[in-house]
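Asks: Provided below are the primary sequence and the corresponding predicted coordinates.
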Amino acid sequence: MAKELRARGVEVTVLTGMPNYPIGRIFPGYRGKVTSREQVDGIAVHRVCLYPAAGRGSARRLLNYLSFTLTAGLRLLFMPRVDLVFVEAQPLILALPALVLKQLRGIPYVYNTPDLQVEIAEQAQWIGMRSAIRIAARLESWLMKGAITVTSVTQAFIDHFVEHRQIPRSRMSFLPNGADTDVLRPLPYDQELASRLGVAGRAVFTFAGTHAHYQGLEVIVEAAKRLVHRSDIVIVMVGQGPVRQHLIAMADEAGLTNILFRDSPFEEMPRLMSISYASLVTLRDMPAARKMRLSKAIPPLACGVPVIYAGAGETAEILVREGCGVQVPAEDPDRLARAIEHLADRPDARQYMGASARALAAREFSWRMLVGNWITQVEHIMSGETAGACVAPSEAWRTGLPRSVDVTIAAAMLLVSLPLLAVIAVLVAATSRGPILFRHIRVGRNGDAFPMLKFRTMCVGAGGPAVTHHGDPRVTPLGRLLRRTKLDELPQFWNVLRGHMALVGPRPEAAEYVDLSDLQWREVLSVRPGMTDPTTLRLRNEESLLASAGRDHEAFYRRHLMPFKLDGYRQYLSQRTWRRDVAVLWSTLLAIVLPARVPALGAHDVVTRTRAA
């Protein structure tokens, strides 16, 4: 996240403790220091001393938390003035220094919480006294209400904080767990690493991350007991944490040789995933877990590795819905062992899930898109506007087609075209492997991301740039027909019904082509994006334009097409009336039925106009 903020021109400083987690000892090179300062990937990192602790000792953990709260608070007070403090509020008392800084120097802070830590502490029985739980909940509520915004990783958490902490929904912001999809990517099988870990030639099922109490990792050891007859399957446990020694003792007591405990740094994650058949993610069966979206599931997905998820909640729902993983009940070793065995025997299913996993991560979990959307939310909360709002549209822009007209036409079109939709769906399913619909994340009104629907026209897992050109080998034969006739866009009438889009408006772009800090983009994003608009009509032969532009299609799109579109969108909005929108709809129909009646632009026209601009 810090690297993405820096890439967007935000000056970032990190304040953290001396490295000691998860072993509970200060790392060599930092021992004996009160403070230190270093540069990590161009980001200034300030470190302060603390009492290191690991394991289940409550007193030691509390001392660890309190010591860092004190030293970090003192360092924070004397650091150069900043515009905003982002608090990773785990534990929640780490927000106390930020609250003090706000009172003394008027600097706002963001309260970021990636889980329901008070509820988990109660349900996992880390804190036995009911009075302590109530005090913690009240303290968290007080710290949240002092923040400019409360950020969390799931919509379920946001709903929880609105209901149980009484935080106004307008002051909540959404920042789900993400991944650097440029670093975390599929790699060829790493024979050297497989040999070093002692797993070469076997189907490897990997757990990678901190071994913590709330995950219920004992279920993995129990599942390994049920897989001893499968010499081709091995489970690899990578990482440290308070329950690791307990798990090793369980495996040793049972005499298991099919579960190995290994070390591999996070920097090796793509290599580790290259030798992994699937990744294992587990949670204990407790109510708070059902609202979680675990970060451990994201790196495997980005590396094209399916996830076997033992638990419930948003993560499980996403994995099943997107076809990139398997869900089993929490704390059920029999079901977990069967899922491992079934996937090991189905390489075709594993390959399909892996391709879907990478596509999902690139589409929805890229830090580039997630951070950009979050910045927009925070900027407008800080400016006193409603969360996620951009600049208010002028009166002229409000005179397009009324929302009621959009909804009526979209509903009618979906009903009338229902037989055609069914035929296309069957053809898509029958002619190529993968889902029928393609959900591509686009930037919509007020900078909010939404899944724009199309019939899938490309091969699953094809990869490559977001733009396509005429003759693109990734497009299926049926897809070429659907694209040429624009029938692949019929499902977007559903986006209109949902309020994501209008019938007429600037065409929504993928996040990588949108600069939310640009005032011109903010103009365009102050209205709902549309299924059609004058600029899109003139560029309806975009694939042919890209094909004639040389080999670097992406560069041509960014250098020429995107500026041309942006200028066209703004010009359209400045002249927008409901009569003009009706004319655009009529022109769109003509362009589909009688394309010669609505001439399209050539590559020379686009290049000439962008150079002139």
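Replies: Ah, there it is. Because the structure is a prediction, the values reported are computed rather than measured.
Asks: so what's residue 209 up against?
Replies: Contact analysis of residue 209 by CB atoms under 8 Å, 6 or more residues apart in numbering lists 238-239, 241, 296. Every C-beta, even on glycine, is put in place using the N, C-alpha and C of the backbone.
Asks: Any stretches of this protein with poor pLDDT?
Replies: 22, 54-58, 120-130, 288-291, 385-399, 462-467, 469-470, 547-553, 600-613 (pLDDT under 70).
Asks: returning to that earlier point: reformat the contacts of residue 209 as a markdown table; add neighbour count and secondary structure.
Replies: Compiled in a markdown table, those are given as follows (neighbours: other CB atoms under 10 Å; DSSP: H, G, I helix; E, B strand; the rest coil):
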| residue | neighbour count | secondary structure |
| --- | --- | --- |
| 238 | 21 | strand |
| 239 | 18 | coil |
| 241 | 21 | coil |
| 296 | 21 | helix |
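Asks: Okay, domains of this protein per the record?
Replies: Per automatic domain parsing, the structural domains of the chain span 2-174, 191-363, 390-612.
Asks: Minimum distance to residue 373: which of the ones you listed has it?
Replies: Shortest distance between residue 373 and the domains of the chain, using CB to CB, is found for domain 390-612: 5.3 Å.
Asks: can you put the domains of the chain in CSV and add distance to residue 380?
Replies: Listed next are the domains of the chain as CSV, based on distance: least, CB to CB, whole Å:
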stretch, distance to residue 380
domain 2-174, 10
domain 191-363, 24
domain 390-612, 7
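Asks: Does residue 377 lie in a helix or a strand, and which?
Replies: Remark: residue 377 resides in helix 367-382, with elements defined by DSSP states H and E.
Asks: oh, I was asking about residue 219
Replies: Per DSSP H and E: helix 218-225 holds residue 219.
Asks: ok, residues contacting that helix?
Replies: 207, 235, 237, 246-247, 250-251, 254, 256, 258-259, 280, 282, 310, 330-334, 336-337, 340.
Asks: By residue count, what's the longest helix in this structure?
Replies: Longest helix of the chain, by residue count under DSSP state H: helix 58-77.
Asks: Buried residues, the next helix or strand after it. List them.
Replies: Downstream of helix 58-77, the first helix or strand assigned by DSSP H and E is strand 85-88. For strand 85-88, the neighbour count (16 or more other CB atoms under 10 Å) marks 85-87 as buried.
Asks: same question, stretch 267-281
Replies: Judged by neighbour count using 16+ other CB under 10 Å, the buried positions of stretch 267-281 are 269-281.
Asks: Which members of those are the farthest-apart pair?
Replies: 271 and 281 (19.4 Å).
Asks: Surely residue 38 forms part of a strand?
Replies: Yes. Counting by DSSP: H, G, I helix; E, B strand; the rest coil, one finds residue 38 located in a strand.
Asks: gap between residue 93 and residue 131?
Replies: 17 Å (CB to CB, to the nearest Å).
Asks: higher neighbour count, those two?
Replies: residue 93 (18 against 8; other CB atoms under 10 Å).
Asks: show me what contacts that one?
Replies: Contacts of residue 93 by CB under 8 Å, 6+ apart are 65-66, 69, 139.
Asks: for residue 47, same thing?
Replies: Contact partners of residue 47, counting by CB under 8 Å, 6+ apart, are 16-19, 30, 33, 35-38.
Asks: Next step: these restricted to strands.
Replies: Assigned to strands by DSSP state E, the following of those qualify: 16-17, 35-38.
Asks: Are any of these buried, and if so which?
Replies: Applying a neighbour-count criterion of 16+ other CB under 10 Å, the buried members of those are residue 17.
Asks: Dump the ones in strands among the contacts of residue 47 to TSV, plus distance to residue 306.
Replies: Putting the ones in strands among the contacts of residue 47 into TSV (distance: CB to CB, whole Å) gives the following:
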residue	distance to residue 306
16	33
17	35
35	44
36	41
37	42
38	37
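Asks: Out of the ones in strands among the contacts of residue 47, which is nearest to residue 61?
Replies: The closest of those, once distances to residue 61 are taken by CB to CB, is residue 17, at 13.4 Å.
Asks: quick one: the nearest residue to the closest one once chain neighbours are set aside and residue 113, what's the gap?
Replies: Spatial nearest neighbour of residue 17, excluding adjacent residues (CB to CB, 6 or more residues apart in numbering): residue 50 at 4.4 Å. In this view, residue 50 and residue 113 are 20 Å apart by CB to CB.
Asks: If you count surrounding residues, which of the two has more?
Replies: Neighbours per residue (other CB under 10 Å) separate residue 50 from residue 113, with residue 113 holding more: 24 against 21.
Asks: which stretches of the stretch 451-600 of the chain form helices?
Replies: Under the criterion DSSP state H, counting those that start in this stretch, the stretch 451-600 of the chain contains helices at 477-485, 492-498, 519-524, 534-538, 542-547, 553-556, 562-574, 578-593.
Asks: about what we covered before: pull out the buried residues from the contacts of residue 93.
Replies: When the contacts of residue 93 are checked against 16+ other CB under 10 Å, the ones flagged as buried are 65, 69.
Asks: And for the spatially most central residue of the chain, nearest residue in space, chain neighbours not counted?
Replies: Against the mean C-alpha coordinate of the chain, by CA atoms, centre = their mean, the closest residue is residue 365 at 2.4 Å. Taking CB to CB, 6+ apart, and ignoring the residues beside it in sequence, residue 365 has residue 178 as its nearest neighbour in space, at 4.8 Å.
Asks: Name all residues that make contact with that neighbour.
Replies: Applying CB under 8 Å, 6+ apart, we find residue 178 in contact with 1, 298, 365-367, 370-371.
Asks: How much space separates residue 561 from residue 116?
Replies: 45 Å.
Asks: Residue 409 too?
Replies: According to CB to CB, residue 409 stands 43 Å off from residue 116.
Asks: In terms of packing, which of the two has more residues around it?
Replies: Set residue 409 next to residue 116 and count neighbours by other CB under 10 Å: residue 116 wins out with 23 against 15.
Asks: Correct me if wrong: that one contacts residue 158.
Replies: No. Using CB atoms under 8 Å, residue 116 is not in contact with residue 158, being 11.3 Å away.
Asks: Which residue ranges of the stretch 101-250 of the chain form strands?
Replies: According to DSSP state E, counting those that start in this stretch, the stretch 101-250 of the chain carries its strands in the segments 109-113, 149-152, 172-174, 203-208, 233-238.
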